[in-house]
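>>> Okay, structure incoming, though there's no sequence with it:
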Ligand code: SF4
């Protein structure tokens, strides 16, 4: 049973102790109320491909089995992994969750339903009853993601944001019964460590410190660019000119191939994926900014350097076409300035 006595031990065992080390603990009453029955967790999906669930199932720090067993979690509803179906499954939603997890964006009521009811109605009903926290998992649930991209035919929004603007499906003022705004864990998909560590901490009553986008600062405080293994190449001005030079042995940075690491906050370059084995930039793929609240629109066109992306120069996508010529000129100037600051002799120049 989860109680104050074994709290620190369990927090350490599931890795949530890192929140304690940095931010101190705030054990809420909900834990004791959960008692022997366990913390009731409900996981619902809006417009989603279940990618965040798949990512979560691959987590290793802790893995999901450890997290469920040690934290005494009672998963009442999860459409991808639960055995119950149809009406029987929908009856499981007739509870007051301790933690509500949302995966996928929330569309206009006429576009997506769980059973007979629009997702947004179920979300609002469950969120209003949630005792500890609502956690939005992935690019779509946090800020709208791909379903809310340009065109947005289903009028999708995130749970408490639409792109960088607070509001979303639940509204800017929403708070759980414990007084928490929605905790945002972006990423396409969300990183399993971010999900399991945050859920572990929240279930233990440790409230992560959030930034102004609702994200735990612990994971999203720094730019990917600052922790990237190719950063030394960037600082020396060693920039790959084509995808033929992306193998790490070429010792080139992927900036000119459209890397969004310099404008995207996350610790994934340090944490890596697949059990800490690799991350996009190390594998030769420029970061596409999937943790960014503006993903994918503000990151597009992908594979173009930042100077050629109007939204990253502060120009909205609608106006971008009108000022294309000016942007190109501004881009060339910006690039020249940046190269002037960062360029040091490259390998080819040193070899001359
Ligand atoms: S590959 Fe991307 S994140 Fe890494 S140093 Fe280059 S620009 Fe920065």
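Arrived safely. This one's a predicted model, so the numbers in the text were calculated from it and none came from an experiment.

>>> From here on, just use CA atoms for contacts and neighbour counts.
Will do.

>>> so what's the residue nearest to residue 181 when sequence neighbours are not counted scoring on pLDDT?
Spatial nearest neighbour of residue 181, excluding adjacent residues (C-alpha to C-alpha, 6 or more residues apart in numbering): residue 175 at 4.6 Å. Residue-level confidence at residue 175 comes out at 95, pLDDT.

>>> ditto for the one 10 residues further on
We have a pLDDT of 97 for residue 185.

>>> With residue 345 instead?
For residue 345, the predicted pLDDT is 36.

>>> can you check the one 3 residues further on too?
Predicted confidence (pLDDT) at residue 348: the value is 38.

>>> For residue 207, the count of nearby residues, please.
Residue 207 has 24 neighbouring residues, counting by other C-alpha atoms under 10 Å.

>>> and the helix or strand hosting residue 142, how far from the chain's centre?
Using DSSP states H and E, residue 142 sits in helix 138-143. Centroid displacement of helix 138-143 relative to its chain, using C-alpha atoms, centre = their mean, to the nearest Å, is 7 Å.

>>> How about stretch 65-82?
20 Å.

>>> Any buried residues in that stretch, and which?
For stretch 65-82, burial by neighbour count (16 or more other C-alpha atoms under 10 Å) applies to 67, 68, 70, 71, 72, 73, 74, 75, 76, 77, 78, 79.

>>> Closest to the ligand out of those residues?
residue 67 (31.4 Å; C-alpha to the nearest ligand atom).

>>> element containing that closest one?
Assigned by DSSP H and E, residue 67 falls in helix 64-71.

>>> moving C-terminal of that helix, what's the next helix or strand?
Using DSSP H and E, the first helix or strand after helix 64-71 is strand 73-77.

>>> who touches that following strand?
37-44, 67-68, 89, 92-93 (C-alpha atoms under 8 Å, 6 or more residues apart in numbering).

>>> at 10 Å instead, please
2, 34, 37-44, 67-68, 81-84, 89-95, 97-101, 200, 203 (C-alpha atoms under 10 Å, 6 or more residues apart in numbering).

>>> correct me, but residue 222 touches residue 228?
No - if you go by C-alpha atoms under 10 Å, residue 222 and residue 228 don't touch, sitting 11.0 Å apart.

>>> between the two, what contacts are shared?
Common neighbours of residue 222 and residue 228 (C-alpha under 10 Å, 6+ apart) are 262, 267.

>>> Same drill for these two, tell me which one is more crowded.
Set residue 222 next to residue 228 and count neighbours by other C-alpha under 10 Å: residue 228 wins out with 20 against 16.

>>> contacting residues for the more buried one?
234, 253, 261, 262, 267, 268, 269, 270, 279, 281, 282.

>>> Could you rerun that using 7 Å?
residue 269 (C-alpha atoms under 7 Å, 6 or more residues apart in numbering).

>>> What are the phi and psi values at residue 216?
Dihedral pair for residue 216: phi -60, psi 120, per degrees, to the nearest 10.

>>> change the start of the numbering to 54 and stick with it
Understood, numbering begins at 54; the last thing we discussed is residue 269.

>>> Apart from its chain neighbours, what residue comes closest to it?
residue 263 (4.4 Å).

>>> And the one you found, what's its pLDDT?
92.

>>> so residue 219 makes contact with residue 213?
Yes - under the criterion of C-alpha atoms under 7 Å, residue 219 makes contact with residue 213 at 6.0 Å.

>>> of those two, who's got more company?
Taking other C-alpha under 10 Å, residue 219 and residue 213 do not tie; residue 213 has more neighbours (30 against 19).

>>> show me the contacts for the closest residue to that one other than its chain neighbours.
Leaving aside its sequence neighbours, residue 213 sits nearest to residue 221 (C-alpha to C-alpha, 6+ apart; 4.2 Å). If a contact means C-alpha under 7 Å, 6+ apart, then residue 221 has 210, 211, 212, 213, 214, 215 as its contacts.

>>> for these, which one is nearest residue 192?
residue 211 (8.4 Å; C-alpha to C-alpha).

>>> where along the stretch 54-203 of the chain do the helices fall?
57-66, 70-76, 82-87, 104-110, 117-124, 139-144, 172-182, 191-196 (DSSP state H, counting those that start in this stretch).

>>> and the chain, which of its residues are near the ligand?
Along the chain, the residues adjacent to the ligand under the rule C-alpha under 6 Å from any ligand atom are 277-278, 281, 283-284, 287, 306-308, 312, 314-315, 334.

>>> Residue 351 - how many residues pack around it?
23.

>>> Any figure for the gap between it and residue 317?
11 Å (C-alpha to C-alpha, to the nearest Å).

>>> do the same with residue 345
6 Å.

>>> what does residue 305 give?
For residue 305 relative to residue 317 (C-alpha to C-alpha), the value is 20 Å.

>>> Likewise for residue 208?
25 Å.

>>> Show me which of those two is the more surrounded one.
Shown here are residue 208 and residue 317; by other C-alpha under 10 Å, residue 317 has more neighbours (23 against 17).

>>> Do I have it right that the more buried one meets residue 275?
No - contact criterion C-alpha under 7 Å: residue 317 and residue 275 do not qualify, at 8.3 Å.

>>> just checking, what packs against the lengthiest strand in the chain?
Taking DSSP state E as the criterion, the chain has its longest strand at strand 92-98. The contact analysis (3 or more C-alpha pairs under 7 Å, 6 or more residues apart in numbering; DSSP states H and E) places strand 92-98 against strand 126-130, strand 152-156.

>>> Done for today, thanks.
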